[in-house]
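Enquirer: Build me a model from this:
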Amino acid sequence: MVEYFGMTMTEPADSPLFMKVYRSAGPADATGLLVKLRVCLPDRPGSLAAFAAEIAAAGGNISFFHYDRSQDSSRVAVEVQLGDAAALDLLQASLRANREGVGGTAEDEVQITSMESVLELKARLVNRPGTLAAFAALLAQHDANVIYMLYDEDIDAESAAIALAVKDPAEIGRLLRAVNEAGYHYRVLYRGAGEAEASRVIGLKLIEKFFLRLKGLLPAGDIEEIRSLVVSSRELEQDLVRFATEAGNDLEAGDVFETVLTFASRSRGRTGARFSVIEMPPLALPGGAEILGIRLPTSENIYVVRHGEELSLIDAGHGIYYDDLKAYLRKKALDPARVRRIFVTHPDTDHVGMAGYFEEEFGTEVFLHPAAVDVIRSGSRIGKGTGVLQNLNTYYTRLSGRFTECRFPSKPRLFPSTEPGRAGEFRIIDRFTIGPLFFEVLESRGGHTPGLVFFLERAEGLLFTSDFLINVPSLLPDEKEHLGLYRTLLTSPNRDNRLYKEETEALKALALGLDAELKQRGKAMLVFPGHGEYYGAEVLRP
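Expert: Residues are numbered from 1 along each chain as shown. Next comes the predicted model:
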């Protein structure tokens, strides 16, 4: 022990057991010791009862107790009044023996999935040694896990605020009857009434609030499927918590919790038997080429360009739909093995998510802008930078990718990013052909995300605009809502809103200028957005 200023400190500050002992003036064995403890307890029923029993066995009387599982799943802060040095030695030996191998903050995990399992109350506890131990033992008999407790002798010497959770909601009624029969006086503050209260009940972890707030929004099967995904991935779970922490600085935390998992559920809940696409009218082109536009369940478009037996894709939607897309193509008499090239407009997961699967299974070549590869490697869709928005976008990118099972290409082919020419306000950085179609690759200036490109076929009047010039009126109500999730999640879906607006106007001018030229040859410019139906450029006129 190290003694100073009437205080002794018995363990390192980062130990599973950290103790400060304050004593009155006089010999070392003087009575009237005040012991301040920080101790690690397992986050499970019975832990508090065992700990309180140790204190009672040493004759200690608790004057302060604080535990908040939402802040730290294991740490308890306690002040105990002890009679003498012998009692201190007894308590210290017991705590050291029982804390062996226990330490650090417990992992944030999902245990409470129903608010009906939660009870919050204020209980009258007589201020004398052993009182808390007896009450905690009663809780343990009903398999109740304390998730929050505050007792402060200086505020109210005979009142403690306690929140607890049980596995079986029916156990709460039995527990309250037992508390009554034992003669305790109490007042119920909350008893699993409404999910809206989930964010208020102290002791709930962020990860649990995600699921509790979703119960009124999503089918139970969707929630359980997402829960299984999260609890099986510690990294995913940690990213959810970090995302919520970052988002809470600028957004309504509850909205973020809901929208993250609503987004996940809508992606994952529409596969297999629930998978469907919206087909756009097939577009036949000279030379035998054909474009088939399809809209996936989460509103993103994939354009299948067929020439002879070979297929090319412009964009590849969320990875979770990969098997469904292959089955769909086969039903259309299109062999997915003949998808030889994928041209990706930008690295958001709803446009690149399947690309790695095609590359891995069929050797498909995937073409990207070099900056898109940087986004993939850095994990941030807004590029280099620091601060809350940077962190938020980084976590969003990770979460989006994991929930939707994105698989980026491992060996992407890069557009060279040279400048062989210009198309209006945009650089032409590359060119490629699909059968008789001759495409120019136009480089975005970065308003939406780094590494975004547009594809222009002048002769036939085809302009693929990615997440610019979206055909919002053609979207279904739930598709519009889904796209709106990005705005809620990111404060804005764009890296630079001002630049995005400038690029939008430049694209309109380019499309309308080319449309005027094509009309002289009896043709018209068509706009193929990343979301919504393709349409004639004339609708862009003021």
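Enquirer: Glu120 versus Ala170, what's the distance?
Expert: Using C-beta to C-beta, to the nearest Å, Ala170 is found at 18 Å from Glu120. In short, each C-beta sits where N, CA and C put it, glycine included.
Enquirer: quick one: which of the two has more around it?
Expert: Using other C-beta atoms under 10 Å as the criterion, Ala170 and Glu120 rank with Glu120 on top: 22 against 11.
Enquirer: From what I see, the more buried one and Ala163 are in contact.
Expert: Yes: between Glu120 and Ala163 there is a contact at 4.3 Å, judged by C-beta atoms under 8 Å.
Enquirer: joint contacts of the two?
Expert: Listed as contacting both Glu120 and Ala163 by C-beta atoms under 8 Å, 6 or more residues apart in numbering are 148, 190, 201-202.
Enquirer: So which of the residues you listed wins on neighbours?
Expert: Highest neighbour count within these: Val201, with 23 neighbours (other C-beta under 10 Å).
Enquirer: Quick check: which element contains that one?
Expert: In the assignment (DSSP states H and E), Val201 maps to no helix and no strand.
Enquirer: Kindly report the same for Val375.
Expert: Here Val375, judged by DSSP H and E, is contained in helix 370-378.
Enquirer: so how far is that helix off the chain centroid?
Expert: How far helix 370-378 lies from its chain's middle: 21 Å, per C-alpha atoms, centre = their mean, to the nearest Å.
Enquirer: Which residues outside it are in contact with it?
Expert: The contact list for helix 370-378 (C-beta under 8 Å, 6+ apart) reads 344, 346-347, 352, 381, 383-384, 394, 397, 408, 412, 414-415, 417, 446, 449-452.
Enquirer: at 6 Å what do you get?
Expert: With contact meaning C-beta atoms under 6 Å, 6 or more residues apart in numbering, helix 370-378 is reached by 347, 381, 408, 412, 414, 417, 450-451.
Enquirer: Could you double-check that Leu540 lies in contact with Ala506?
Expert: No: contact criterion C-beta atoms under 6 Å: Leu540 and Ala506 do not qualify, at 11.9 Å.
Enquirer: how's this protein carved up into domains?
Expert: Taking automatic domain parsing as the reference, the chain has its domains at 2-191, 205-268, 272-540.
Enquirer: Please tell me how far Phe210 sits from Arg338.
Expert: 41 Å.
Enquirer: Do you have the helices of the stretch 1-150 of the chain handy? List them.
Expert: Using DSSP state H, counting those that start in this stretch, the helices of the stretch 1-150 of the chain run over 47-57, 85-98, 131-141.
Enquirer: With only the CA atoms kept, save the second one in CSV.
Expert: In this case it means helix 85-98. What follows is helix 85-98, C-alpha atoms only, in CSV (Å, rounded to 0.1, in the frame of the first residue of the first chain):
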residue,chain,number,x,y,z
ALA,A,85,-8.4,-2.3,9.2
ALA,A,86,-9.3,-5.9,9.8
ALA,A,87,-12.6,-5.5,7.9
LEU,A,88,-10.7,-3.8,5.1
ASP,A,89,-8.3,-6.7,4.8
LEU,A,90,-11.2,-9.1,4.8
LEU,A,91,-13.0,-7.2,2.0
GLN,A,92,-9.8,-6.7,0.0
ALA,A,93,-8.9,-10.4,0.1
SER,A,94,-12.4,-11.4,-0.9
LEU,A,95,-12.6,-9.0,-3.8
ARG,A,96,-9.1,-9.9,-5.1
ALA,A,97,-9.9,-13.6,-5.1
ASN,A,98,-13.2,-13.2,-6.8
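Enquirer: how big is the angle separating it from helix 47-57?
Expert: Angle of helix 85-98 versus helix 47-57, following axes from the mean of the first three to the mean of the last three C-alpha atoms, to 10 degrees, is 150 degrees.
Enquirer: What is the neighbour count of the closest residue to Val78 other than its chain neighbours?
Expert: Among residues not flanking Val78 along the chain, Leu37 sits closest, at 4.5 Å (C-beta to C-beta, 6 or more residues apart in numbering). By other C-beta under 10 Å, 25 other residues sit near Leu37.
Enquirer: Show me the beta-bridge partners of Leu37.
Expert: Counting by DSSP bridges, Leu37 is bridged to Met19, Val78.
Enquirer: I'd say it and Glu79 touch.
Expert: No: counting by C-beta under 6 Å, Leu37 stays clear of Glu79, with 7.4 Å between them.
Enquirer: what's the distance between Val339 and Gly401?
Expert: Using C-beta to C-beta, we find Val339 at a distance of 21 Å from Gly401.
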